[in-house]
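K.L.:
From the sequence below, what's the structure:
(chains A, B, C and D)
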2 protein chains.
Amino acid sequence: MKISAQEEYGLRCLVQLAALPEGGSLTLPQIAELEGISTANAGKLMWLLNKAGFVHSTRGTKGGYSLERPAEDIRLSEIIKVLDEDVLGKHCGSYTGVRDSCVHNGDCGIRPVIIGLHALVENALSQITLAQLVGSERSVDAMFNRVHSIHRTVEPQGV
Amino acid sequence: MKISAQEEYGLRCLVQLAALPEGGSLTLPQIAELEGISTANAGKLMWLLNKAGFVHSTRGTKGGYSLERPAEDIRLSEIIKVLDEDVLGKHCGSYTGVRDSCVHNGDCGIRPVIIGLHALVENALSQITLAQLVGSERSVDAMFNRVHSIHRTVEPQGV
DNA sequence: CGCAATCTTGACGAAAAAATAATGATTTGA
DNA sequence: TCAAATCATTATTTTTTCGTCAAGATTGCG
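P.N.:
Alright, predicted model coming up:
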């Protein structure tokens, strides 16, 4: 249960754009440099984000990428959904909601756990905007503390 | 951000044992059959769970696996931690908490999000026991509804 | 126009994860 | 004691994911 490389870096690239002054843009080599990844890799990520309508790209000299929508309106849940290889539901109906796709016919004890977990994560991510990730981290911390309110006893380690 | 195959199936195997009458046991072929996976695969999973102390195994004819600890005492967070290929923190200090391992020196906008997300998931999983996964799903649903209490607007889809 | 900077896109190769195979060790019971 | 059943452990293969490459398309500028 962890964020994938594609999810993480795609998100990071968007954050770089969001951190720019109003209307600013970055080229692929610039983004790659800022994130410590290859230009080719950045290109693929930005292509996905472009297709999904998060960024606007202009070709040619003086080209680059800029945010298509205001950072305040972009929720992390949307971003993750686009970057995730959403080939979910291959080995069990737990993911897709389609029954009859595994030996349990989608009816087993852990099904509600998996679905609940996904909903939990999506819910948390839907409450964070790209704008909140720029500069100050305080609002994000505050958000997680609220969601955690029931018990906050566990250390943030690998899950 | 999804549960891995190893996590899911390992959890499923444990649920099968927990569903047994007091003191019951299952062999590898039986577990494999129940979960629709190969015996070899089940063997690997059970080996991990055995090493971690969740199950007890006996070899030879009449051998098999049984729960080592009461299902009421086993929290999902423990299980996931064992089944996760916890080779986290390979591409960014976000996971390990070790700084200086990426271009951001572990100090970037998305770091609190990743850490917060892991904590959120771990917190949720720590509130569910293996026993709750057997038979009735109601307690699990109730738990997630509580955690969701802030907003429950999102459909449980792929995240 | 023609070159250089830039994004686009599909194909390819490397790395990680998962599944399988293979071999070995232990126990039971005839 | 020997054979069958069963778990233990490591190695190999397969699949999936990730990253790179290369050829193409578009734009700006001299």
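K.L.:
pLDDT below threshold where in chain A?
P.N.:
The model of chain A has pLDDT under 70 over residues A:85-102, A:105-107, A:135-159.
K.L.:
How about the residues of it by DNA strand C?
P.N.:
A:26-29, A:40, A:43-44, A:46-47, A:50-51, A:57-65, A:91 (C-beta under 7 Å from any atom of the strand). (Each C-beta comes from the backbone N, C-alpha and C, glycine too.)
K.L.:
Now with 6 Å, please.
P.N.:
Applying C-beta under 6 Å from any atom of the strand, one finds that chain A approaches DNA strand C through A:27-29, A:43-44, A:46-47, A:50, A:57, A:59-61, A:63-65, A:91.
K.L.:
Pull the most distant pair out of those.
P.N.:
Within those, A:61 and A:91 form the most distant pair, 47.9 Å apart (C-beta to C-beta).
K.L.:
and these two? which has more neighbours close in?
P.N.:
residue A:91 (14 against 5; other C-beta atoms under 10 Å in any protein chain shown).
K.L.:
Please enumerate the helices of chain A.
P.N.:
Listed in chain order, the helices of chain A (DSSP state H) span A:5-18, A:28-35, A:39-51, A:76-83, A:93-96, A:111-125, A:138-147.
K.L.:
could you dump the ones you listed to TSV with distance to residue B:73 and mean neighbour count?
P.N.:
Output for the helices of chain A, formatted as TSV (distance: least, C-beta to C-beta, whole Å; neighbours: other C-beta atoms under 10 Å in any protein chain shown):
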stretch	distance to residue B:73	mean neighbour count
helix A:5-18	34	22
helix A:28-35	44	18
helix A:39-51	44	17
helix A:76-83	34	21
helix A:93-96	25	20
helix A:111-125	17	22
helix A:138-147	26	16
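K.L.:
As CSV, these with distance to residue B:69 would be great.
P.N.:
Converted to CSV, the helices of chain A look like this (distance: least, C-beta to C-beta, whole Å):
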stretch, distance to residue B:69
helix A:5-18, 34
helix A:28-35, 44
helix A:39-51, 44
helix A:76-83, 35
helix A:93-96, 25
helix A:111-125, 19
helix A:138-147, 30
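K.L.:
and of these, who's closest to residue B:130?
P.N.:
Closest among the helices of chain A, using C-beta to C-beta: helix A:111-125, at 10.7 Å.
K.L.:
tell me what that closest one is packed against?
P.N.:
helix A:76-83, helix A:93-96, helix A:138-147, helix B:111-126, helix B:138-147 (3 or more C-beta pairs under 8 Å, 6 or more residues apart in numbering or on different chains; DSSP states H and E).
K.L.:
what's the distance between that helix and the middle of its chain?
P.N.:
15 Å (C-alpha atoms, centre = their mean, to the nearest Å).
K.L.:
Restricting to C-alpha, output that helix in PDB.
P.N.:
What follows is helix A:111-125 as a C-alpha-only set of coordinates in PDB (Å, rounded to 0.1, in the frame of the first residue of the first chain):
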ATOM      1  CA  ARG A 111     -13.700  -6.800   0.200                       C
ATOM      2  CA  PRO A 112     -15.100  -4.100   2.400                       C
ATOM      3  CA  VAL A 113     -11.600  -3.400   3.700                       C
ATOM      4  CA  ILE A 114     -10.100  -2.900   0.300                       C
ATOM      5  CA  ILE A 115     -13.000  -0.700  -0.900                       C
ATOM      6  CA  GLY A 116     -13.000   1.200   2.400                       C
ATOM      7  CA  LEU A 117      -9.300   1.800   2.200                       C
ATOM      8  CA  HIS A 118      -9.500   3.100  -1.300                       C
ATOM      9  CA  ALA A 119     -12.300   5.400  -0.300                       C
ATOM     10  CA  LEU A 120     -10.400   6.500   2.700                       C
ATOM     11  CA  VAL A 121      -7.400   7.500   0.700                       C
ATOM     12  CA  GLU A 122      -9.400   9.100  -2.000                       C
ATOM     13  CA  ASN A 123     -11.400  11.100   0.600                       C
ATOM     14  CA  ALA A 124      -8.200  12.300   2.200                       C
ATOM     15  CA  LEU A 125      -6.600  13.300  -1.100                       C
END
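K.L.:
can you give me the angle that helix makes with helix B:5-18?
P.N.:
140 degrees (axes from the mean of the first three to the mean of the last three C-alpha atoms, to 10 degrees).
K.L.:
Determine the angle, from 0 to 180 degrees, between helix A:111-125 and helix B:76-83.
P.N.:
Going by the same axes, to 10 degrees, helix A:111-125 makes 90 degrees with helix B:76-83.
K.L.:
Next, find the distance separating the residue of chain A most remote from its centre from residue A:26.
P.N.:
Ranked by distance from the centre of chain A (C-alpha atoms, centre = their mean), the top residue is residue A:103, with 31.7 Å. To residue A:26, residue A:103 is 49 Å away according to C-beta to C-beta, to the nearest Å.
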